[in-house]
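Asks: Generate a structure from the sequence data that follows.
(2 chains)
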Number of protein chains: 2
Amino acid sequence: MTSSRARSGRRPGGEDTRGAILEAARAAFATAGYQAATIRAIAAEAGVDPALVHHYFGTKEDLFGMVMELPLRPSQAAEMIMAQGIENAGSNLARLFFSIWESPATRDTLLAMLRGAFTTEQGAETLKDFFEAALLQRVADQVDGPDAKLRVSLAASHLIGVAVLRYVIGFEELIRPTPEELAERVGGRIQAYFTP
Amino acid sequence: MTSSRARSGRRPGGEDTRGAILEAARAAFATAGYQAATIRAIAAEAGVDPALVHHYFGTKEDLFGMVMELPLRPSQAAEMIMAQGIENAGSNLARLFFSIWESPATRDTLLAMLRGAFTTEQGAETLKDFFEAALLQRVADQVDGPDAKLRVSLAASHLIGVAVLRYVIGFEELIRPTPEELAERVGGRIQAYFTP
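Replies: Okay, the predicted model is just below:
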């Protein structure tokens, strides 16, 4: 599936090329899902060399993050969670989570992704594939114990549940606290998943 | 808004009447939402006396639970959570939660309710109004401390997050454990919300 642009030859770099890559990536993630979409196919569709995609956007997960307009790269997020050591991973994760969700633009993106997961199987798979590879695995690699990935998933689940009740369903009690208060409470709770 | 049935006079009790009440209730909850729907309006629509609705179905929340085909009454659920005292509330809540979600028919109902909350504002409000009044408040009333309702909400949020990751998004790590294993892990974690 190459566009007429791709057939007519490769285009040079520049703003227009970045835009064309993002557009091709958006279409590829939406139709093929995160896992099946490839940098090679996205590059072909945008009429550029795959190396240029990597040059502009880094890895596939970084490109996905740019398409979704996430405020930071997954690798940065994993670093921030672990920046003060494993004994602060719970509160760091909780603080980062709420600071991201409190930005209205990002919240809309995340809600759309969650809604997509409820609506189509591919929406669920894309969310799962992206977060498992980009964030969960990366954090779990720095956590001791045989069931590290399960424990990191459980920590994430608590935060996602708060997000559903606060931002989607609108539970009175979970709307009232500041994000800092929530981060402190939930961060303290999920710390035990990192250091049992 | 009375149906021709209601205008033509009240009907006697029986299976057909139960069905007519359930049908009227389903329509009322769907169009007006949980909060605004009244037993009086449902009875009028079904062409019966409001007392008959209470006789067959108990309170409005019980009726809502019947319409949604939930496997037990909210008041029963609250009782089961507290049956072994507050020091076992976390594990009892977690066990009850997963036993309900593991039933495929009930899971479909709950997923539809959650999907409704993501899709329409009224879906979110109905879920919120029902669960806050029927379950959260009832459990919080038995928990000490000024922020009991917040803490019970946070306990619930952890379970809801696991449900989203296990049943909707399909996180590998949260699909693999048995419901009993999950109940034990999460139950232990949320216990501190009941007895800080």
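Asks: What separation do you get for residue A:60 and residue A:153?
Replies: 22 Å (C-beta to C-beta, to the nearest Å). In this view, the C-beta of every residue, glycine as well, is placed from N, C-alpha and C.
Asks: Which one of the two is surrounded by more residues?
Replies: For residue A:60 versus residue A:153, the count of surrounding residues by other C-beta atoms under 10 Å in any protein chain shown is larger for residue A:153: 27 against 21.
Asks: Please give the element, helix or strand, for that one.
Replies: Using DSSP states H and E, residue A:153 sits within helix A:148-163.
Asks: is that helix up against chain B anywhere?
Replies: Yes - Helix A:148-163 reaches chain B (C-beta under 8 Å from any C-beta of the partner chain) through A:149-150, A:153-154, A:156-162.
Asks: Closest to residue A:104 out of the residues you listed?
Replies: Nearest to residue A:104 among these, counting by C-beta to C-beta, is residue A:162 at 17.4 Å.
Asks: Report how many residues lie close to residue A:147.
Replies: Neighbourhood size, residue A:147 [other C-beta under 10 Å]: 17.
Asks: Which helix or strand lies directly C-terminal to the helix holding residue A:153?
Replies: Following helix A:148-163 toward the C-terminus (DSSP H and E): helix A:172-175.
Asks: Beyond that following helix, next helix or strand please.
Replies: helix A:179-194.
Asks: what does that next one contact?
Replies: A:86-95, A:97-99, A:101-102, A:143, A:151-152, A:154-155, A:158-159, A:162, A:166, A:174, A:177, B:154, B:158, B:189-190, B:192-193 (C-beta atoms under 8 Å, 6 or more residues apart in numbering or on different chains).
Asks: Just the buried ones from those, in PyMOL syntax?
Replies: Typed into PyMOL, the line below selects the buried ones among these, using 16 or more other C-beta atoms under 10 Å in any protein chain shown:
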select buried, (chain A and resi 86+88+89+90+91+92+93+94+95+97+98+99+101+143+151+152+154+155+158+159+162+166+174+177) or (chain B and resi 154+158+189+190+193)
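Asks: ok, which stretches of chain A are strands?
Replies: In chain A, no segments count as strands under DSSP state E.
Asks: Taking it, what residue is nearest to chain B?
Replies: residue A:161 (2.7 Å; C-beta to the nearest C-beta).
Asks: What pLDDT does the model give residue A:106?
Replies: Looking at residue A:106, its pLDDT is 92.
Asks: Tell me which residues touch it, please.
Replies: Residue A:106 touches A:69-71, A:100, counting by C-beta under 8 Å, 6+ apart.
Asks: sorry, back to before: and which of the residues of helix A:148-163 next to chain B is nearest residue B:116?
Replies: residue A:161 (17.4 Å).
Asks: who are the neighbours in contact with the closest residue to that closest one other than its chain neighbours?
Replies: Excluding its sequence neighbours, the residue lying closest to residue A:161 (C-beta to C-beta, 6 or more residues apart in numbering or on different chains) is residue B:161, at 2.7 Å. Listed by C-beta under 8 Å, 6+ apart, the contact partners of residue B:161 are A:156-162, A:164.
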